[in-house]
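> Attaching a predicted model along with its sequence, questions to come.
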Amino acid sequence: MENLNTNRLILRPWTMDDVEACYLYASSPDVGPNAGWKPHESLEESRELLEQWTAEDYPDIIFAMEEKGTGSIVGSIGLHTDTHRAPSAECRMLGYCIAKEHWGKGFATEAAQAVIDYAFQRLRVKLLTVDHYVDNKGSRRVIEKCHFRYEGTLRRALQIYDGSYRDTCFYSMSAAEYRLNRAKEAGLSLVLPENVSKEASLAYHNEWDTEVSPGAMRLHGRSYEKWLDDTQARRTHASEERAQETAYYFVDRAGRILGAIGLRHELNDYLLHYAGHIGYGMRPTCRGKGLAPYMLALGLEKARERGLTRVLVTCDDENLPSAGTIEACGGELENKVEEDGRLTRRYWIQI
């Protein structure tokens, strides 16, 4: 377990030296009940809790939130087992609490963003969940700022320390949604080819030593104008061999082309077995920068806008970077199929 750094906080493992700091915020009558646990009545209670959290076999990951500069503990945040999900769901549940004197400073949101990054980038979870009691407006604001998707409110969902039941609001974030959120925060987007200049488009094509990827962006001996006309026509017309498809360039905030995606609107027999709904490629000079999952996540959003609920994405069995991209967006490997002596991985992504 490593330290995580934010602008104002160090998120670090708890130690047994933190007993008094833990008791200081955990003894407040206004902190624990918001999270469903009884305020600590003695240092011994805090010591027993930290003994659990610091044990080698403890299943959850709990960080102390230490304020930079002062070194004071302002709260706790962690990734827990979500008992509402299947044990095999590759899921974690986010939980946090803030000392009362630090409410309203934005520490919970700041820490949550760092732990969300840790969950998806380091632990590679496929789903992150979080919940709050219906009357906890502060926690709701944190969750909304972090862009979790509201799932619903379950009445009498949880029984707390005093025996009472609490109605609870549940939220979640998939791996693809996480990448989509971060892509938009970074100013990344997908644009139609007609919204990119001819010069920029040809510069993208000319940078490739091999065939341009995805296939939707290949000129195949056509002029740029003919390719653009054909690309636009493919959005509404299909042949027996080729499905309807919308091509997009992947661009940064300044409009520079970083890659491209081809989104097939439906699957014919060949696409179902080998090529899938989405083909994509990163510009050669933009590879190795971790951008591909953001491009794929933006493509998945376009697929959802078309009414798709799950998407098939494939890659060569030996293309480990592409496999990593698909898995970073929550791809579940269904199988591997052979075509002309080449193995293809077939992944499904729920959207």
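Nice, thanks for sending it over.

> what residues are up against residue 15?
With contact set as C-beta atoms under 8 Å, 6 or more residues apart in numbering, residue 15 has these partners: 50, 54. In short, each C-beta sits where N, CA and C put it, glycine included.

> how close does it get to residue 112?
For residue 15, the distance to residue 112 (C-beta to C-beta, to the nearest Å) stands at 22 Å.

> residues contacting residue 214?
247, 260, 261, 262, 279, 280, 281.

> Buried members of these into PyMOL, please.
The PyMOL selection below is limited to those of the contacts of residue 214 classed as buried (16 or more other C-beta atoms under 10 Å):
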select buried, resi 247+260+261+262+279+280+281
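
> Lowest-scoring secondary structure element of the protein by mean pLDDT?
helix 32-35 (a mean of 83; mean pLDDT, DSSP states H and E).

> which other helices and strands contact that one?
strand 91-98 (3 or more C-beta pairs under 8 Å, 6 or more residues apart in numbering; DSSP states H and E).

> Of the contacts of residue 214, which belong to strands?
247, 260, 261, 262, 279, 280, 281 (DSSP state E).

> tell me the pLDDT at the closest residue in space to residue 182 that isn't next to it in sequence?
Using C-beta to C-beta, 6 or more residues apart in numbering and skipping residues adjacent in sequence, the residue nearest residue 182 is residue 294, 6.4 Å away. Model confidence at residue 294, given as pLDDT, is 97.

> In three-state terms, label residue 294 for me.
Of the three states, residue 294 takes helix under DSSP: H, G, I helix; E, B strand; the rest coil.

> hang on, it packs against residue 187?
No. Here residue 294 does not reach residue 187: they are 10.6 Å apart, not a contact under C-beta atoms under 8 Å.

> more neighbours, those two?
residue 294 (25 against 10; other C-beta atoms under 10 Å).

> hmm, back to that, using TSV, lay out the ones in strands among the contacts of residue 214 together with distance to residue 40 and pLDDT.
Listed next are the ones in strands among the contacts of residue 214 as TSV, based on distance: C-beta to C-beta, whole Å; pLDDT from 0 to 100:
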residue	distance to residue 40	pLDDT
247	59	97
260	56	97
261	52	97
262	57	96
279	56	95
280	52	95
281	55	94
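
> for the closest residue in space to residue 62 that isn't next to it in sequence, helix, strand, or coil?
Using C-beta to C-beta, 6+ apart and skipping residues adjacent in sequence, the residue nearest residue 62 is residue 78, 3.8 Å away. The local conformation at residue 78, judged by three-state DSSP, is strand.

> For residue 78, give me the pLDDT.
Confidence score, pLDDT, at residue 78: 95.

> Residue 240 now?
68.

> ok, how many other residues are close to the residue nearest to residue 296 when sequence neighbours are not counted?
Using C-beta to C-beta, 6+ apart and skipping the chain neighbours, the partner closest in space to residue 296 is residue 329 (5.1 Å). Residues lying near residue 329 (other C-beta under 10 Å) number 29.

> Tell me who's in contact with residue 329.
Contacts of residue 329 by C-beta under 8 Å, 6+ apart are 175, 176, 179, 293, 296, 297, 300, 349.

> in what helix or strand does the last one lie?
This points to residue 349. strand 342-350 (DSSP states H and E).

> ok so residue 190 is a strand residue?
Yes. Read with three-state DSSP, residue 190 is one of the residues of a strand.

> Next, please give the residue ranges for the strands of the stretch 151-300 of the chain.
165-174, 189-191, 245-251, 257-264, 278-282 (DSSP state E, counting those that start in this stretch).

> possible to save those as JSON lines with distance to residue 92?
Converted to JSON lines, the strands of the stretch 151-300 of the chain look like this (distance: least, C-beta to C-beta, whole Å):
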{"stretch": "strand 165-174", "distance to residue 92": "11"}
{"stretch": "strand 189-191", "distance to residue 92": "29"}
{"stretch": "strand 245-251", "distance to residue 92": "29"}
{"stretch": "strand 257-264", "distance to residue 92": "29"}
{"stretch": "strand 278-282", "distance to residue 92": "27"}
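
> Quick check: which of the ones you listed is nearest to residue 131?
strand 165-174 (4.8 Å; C-beta to C-beta).

> what is the orientation angle of the closest one with strand 342-350?
150 degrees (axes from the mean of the first three to the mean of the last three C-alpha atoms, to 10 degrees).
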